[in-house]
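*Asks:* build me a model from this:
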Amino acid sequence: MTATPPAGGGPPGAAPASGTPAPGGAPGGVPDAGSPGADGGRRPAGAGAQFVAERLHSAVREEMGRADTKASILLSGAMAVLVMVLTWYGDGLPALPAAAAAAGALLWAAGVVMLAAVVMPRRRPPARPGRAAGAADGTFFADLTRFPGGASAEALLPRVARAGREPQRWMVEQSCTLGLILAVKYRWLRRGVLCLAAGGALLLAVRLLQ
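*Replies:* Alright, predicted model coming up:
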């Protein structure tokens, strides 16, 4: 009596041929190609965390650029208005309108200073809550600016090697530090806009009541 050969034409007891789907998984002998990417391609398995870390880092840097652009545009316009205000409001105003005009000019000048604080270069990131002053951060800002001549390669190479072993962690630490800088920029930007709005309202009221 002849034994019936298994499916695939192989000898009895042989393993399924390469390419035969394994139960509940990928085809036998074919590695998992990972999850589909946003562009329709496939990313290798384990690349999701790297992708998210890179996107987070680039998003924070792009938002910092937008904050600087907003502050620069507002600053250039506010400086021009301040020059016009100084020429419009001179002597000859009664006491109350003169006081209101002076308060409006001071508020406007304070707004200009706050907008300048947004675009001012920062040599060190702001201190993090619960972190010792002067502690090293993932961006190397403190190390690069600690001495007048900059940091030495011997001091930075061990940290660069450690960051290279964990690039995702390094990018997330950079994003956290840059996020603190971004929060400071937007804080000064909001305060500057509020001061410009209050000062402009006072100056406009005095101008209309002249």
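*Asks:* burial of Trp188, as a residue count?
*Replies:* The criterion is other C-beta atoms under 10 Å. On that basis, Trp188 has 19 neighbouring residues. For the C-beta atoms, the positions are set from N, CA and C on the backbone; glycine is no exception.
*Asks:* ditto for Arg122
*Replies:* Number of residues near Arg122 (other C-beta under 10 Å) recorded here: 12.
*Asks:* can you offset everything so residue one is 5?
*Replies:* Happy to do that; since the first residue is 5 now, the last one works out to Arg126.
*Asks:* wasn't it part of a helix?
*Replies:* No: residue state for Arg126 (DSSP: H, G, I helix; E, B strand; the rest coil) corresponds to coil; a helix is not indicated.
*Asks:* if you skip the residues just before and after it, what's nearest to it?
*Replies:* Setting aside the residues directly before and after it, Arg126 is nearest to Ile185 in space (C-beta to C-beta, 6 or more residues apart in numbering), at 6.0 Å.
*Asks:* what do you get for Gln54?
*Replies:* Of all residues not flanking Gln54 in the chain, Gln172 sits nearest, at 5.7 Å (C-beta to C-beta, 6+ apart).
*Asks:* kindly list the longest helix within the protein.
*Replies:* Of all the segments of type helix in the chain, defined by DSSP state H, the longest one is helix 171-213.
*Asks:* list the helices and strands that one packs on?
*Replies:* When contacts are defined as 3 or more C-beta pairs under 8 Å, 6 or more residues apart in numbering; DSSP states H and E, helix 171-213 packs onto helix 52-92, helix 99-123, helix 157-169.
*Asks:* per-residue pLDDT, the residue nearest to Arg126?
*Replies:* Ile185 is assigned a predicted lDDT (pLDDT) of 89.
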